[in-house]
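Novice: build me a structure from this.
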Amino acid sequence: MIGKWKYSLFLILALMFSFSTASFASDSVSVVSEEMIQSADTKVTLGNGIGYIGFLSEEPVFTVSGYSTTHDQYEGYFYIESSGEVLGRHKVTVYFDYDGTLVKVKKNNNEYVGTSTWEVKSGYRVDTTDKDSGSVSPTYAYGTATFKLYKTGFFGSDFQNSVTIHIYCNQKGKTTVERNYN
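Specialist: Predicted coordinates:
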């Protein structure tokens, strides 16, 4: 009997240690600061007391076999406006190949539109939906993703808010970002 108890205690302690060390793997943000809000590319009040800020990160261009590759990354935060408490973070990344005449979305890590969510507060859920990419024309391509915030509870999940991020690129490598909110 004591052997099973020791094994259970060891397993519980090992799991607690692995969860506590995992939180140090990335830059953790539990509260959106006033400085973050002021420096954000996007600041929006979504409703239900929830705010949203987003940051665009344009990456350097590199050229291989006549095609240049660029990618944009957009990171966003859902947060409680009254306290700044982060409810969830997300990121979307889209790569484009262009040559001055044509542009296309480039596959990266087996995805055309890369997305991730993290630091989702207990009692909430962030789902990624409507991932899509393609060409509007031979000279204009896009990648898009929607992030939906839900409040979870005993009786299911209630939709709170969403943000859709569209990243566009033309044949010359100029990128633009559009955001839609609900």
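Novice: can you map out the helices along the protein?
Specialist: Under the criterion DSSP state H, helices of the chain are mapped to 2-22, 34-39.
Novice: mean pLDDT for the ones you listed: which is lowest?
Specialist: Here the lowest mean pLDDT among the helices of the chain goes to helix 2-22, at a mean of 38.
Novice: any stretches of the chain with poor pLDDT?
Specialist: Counting by pLDDT under 70, the ranges of the chain that qualify are 1-27.
Novice: hmm, residue 42 is touching residue 179, no?
Specialist: Yes: between residue 42 and residue 179 there is a contact at 5.8 Å, judged by C-beta atoms under 8 Å. Glycine gets a C-beta too; all of them are placed from N, C-alpha and C.
Novice: need the overlap of contacts for these two.
Specialist: Common neighbours of residue 42 and residue 179 (criterion: C-beta atoms under 8 Å, 6 or more residues apart in numbering): residue 54.
Novice: need phi/psi at the nearest residue to residue 31 once chain neighbours are set aside.
Specialist: Excluding its sequence neighbours, the residue lying closest to residue 31 (C-beta to C-beta, 6 or more residues apart in numbering) is residue 84, at 4.5 Å. Phi and psi for residue 84, reported as degrees, to the nearest 10, are phi 80, psi 0.
Novice: mind listing what residue 84 touches?
Specialist: For residue 84, the contacting residues are 31, 32, 33, by C-beta under 8 Å, 6+ apart.
Novice: residue contacts, residue 152?
Specialist: Contact analysis of residue 152 by C-beta under 8 Å, 6+ apart lists 123, 124, 125.
Novice: isn't the second one right up against residue 149?
Specialist: Yes: the pair formed by residue 124 and residue 149 meets the contact definition of C-beta under 8 Å, at 6.4 Å.
Novice: neighbour count for the two, which is higher?
Specialist: Taking neighbours as other C-beta atoms under 10 Å, residue 124 and residue 149 compare with residue 149 leading, 25 against 17.
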